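K.L.:
sharing a model that was predicted from the sequence below.
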Amino acid sequence: MGGPPTFELTRVLADVGQGDPAAKQRLFDLVYRELHSMASGQMRGERQDHTLQTTALVHEAYLRLFGDGGEVKWESRAHFFSAAAEVMRRILVDHARTRAAQKRGGDRKRLALDDPGQSGESDPQTVLDVDAALRGLEAEDPVPARVVVLRFFGGLSMDEVADSLAISTRTAKRHWRYARAWMYRYLSREGSPETAPTPKGPGDSPKH
């Protein structure tokens, strides 16, 4: 993602936890840089009619992560990535919901869950459909769902996803393949719980 080395953010978080007064400012700087990288990935190739800009996404995510009191809520870089990806998801879904209401219909664009950070480029109704499918997957199998959040909304690489979830990259890829297949079937059947896919055997759902 082009952010600071893993040890840097982890070390600064440890310094903040130990009460280092200068560490908090260093943390803010690092977090802003990480968020800008994540937001840039979301907004790459954005259409001219896209009203949510990279700077606005960074600022909104920053405020939600730090809160009114600027309190640090993460214990590690992996924890930060997880929180930041979830915040990005909420912001983009809220924005998509507003745009979908204003648009009142229109063509839905088929979403390919192949590359990270696509939600910023997508048709607003498509983002809402993906979020609905993701909530269904979260209820049934939360680990593959976290992979989707980190990769689709957070724009993380597969190695970063694996690091954030404390699993191997191979396992993360297996979860990603399973989640994509699950969500494609869910979306193709309009998100009906009765027709949502279920594992057929031990080889279908990844081992956690």
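P.N.:
Arrived safely, thanks for sending.
K.L.:
for the chain, just list every one of the helices.
P.N.:
Here the chain has its helices, by DSSP state H, at 6-17, 23-43, 54-66, 77-103, 124-140, 142-148, 158-165, 169-188.
K.L.:
could those helices be laid out in a markdown table, adding mean pLDDT and mean neighbour count?
P.N.:
(Each C-beta comes from the backbone N, C-alpha and C, glycine too.) Shown next, in a markdown table, are these (pLDDT from 0 to 100; neighbours: other Cβ atoms under 10 Å):
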| stretch | mean pLDDT | mean neighbour count |
| --- | --- | --- |
| helix 6-17 | 76 | 16 |
| helix 23-43 | 79 | 19 |
| helix 54-66 | 82 | 18 |
| helix 77-103 | 83 | 19 |
| helix 124-140 | 88 | 19 |
| helix 142-148 | 94 | 22 |
| helix 158-165 | 89 | 20 |
| helix 169-188 | 92 | 19 |
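K.L.:
give me the number of residues near residue 75?
P.N.:
Neighbourhood size, residue 75 [other Cβ atoms under 10 Å]: 12.
K.L.:
residues contacting it?
P.N.:
Each residue near residue 75 by Cβ atoms under 8 Å, 6 or more residues apart in numbering is listed here: 13, 17.
K.L.:
now it: phi and psi?
P.N.:
Phi and psi for residue 75, reported as degrees, to the nearest 10, are phi -110, psi -20.
K.L.:
how far away is it from residue 143?
P.N.:
Between residue 75 and residue 143 the computed distance is 19 Å (Cβ to Cβ, to the nearest Å).
K.L.:
then residue 33?
P.N.:
For residue 33, the distance to residue 143 equals 28 Å [Cβ to Cβ].
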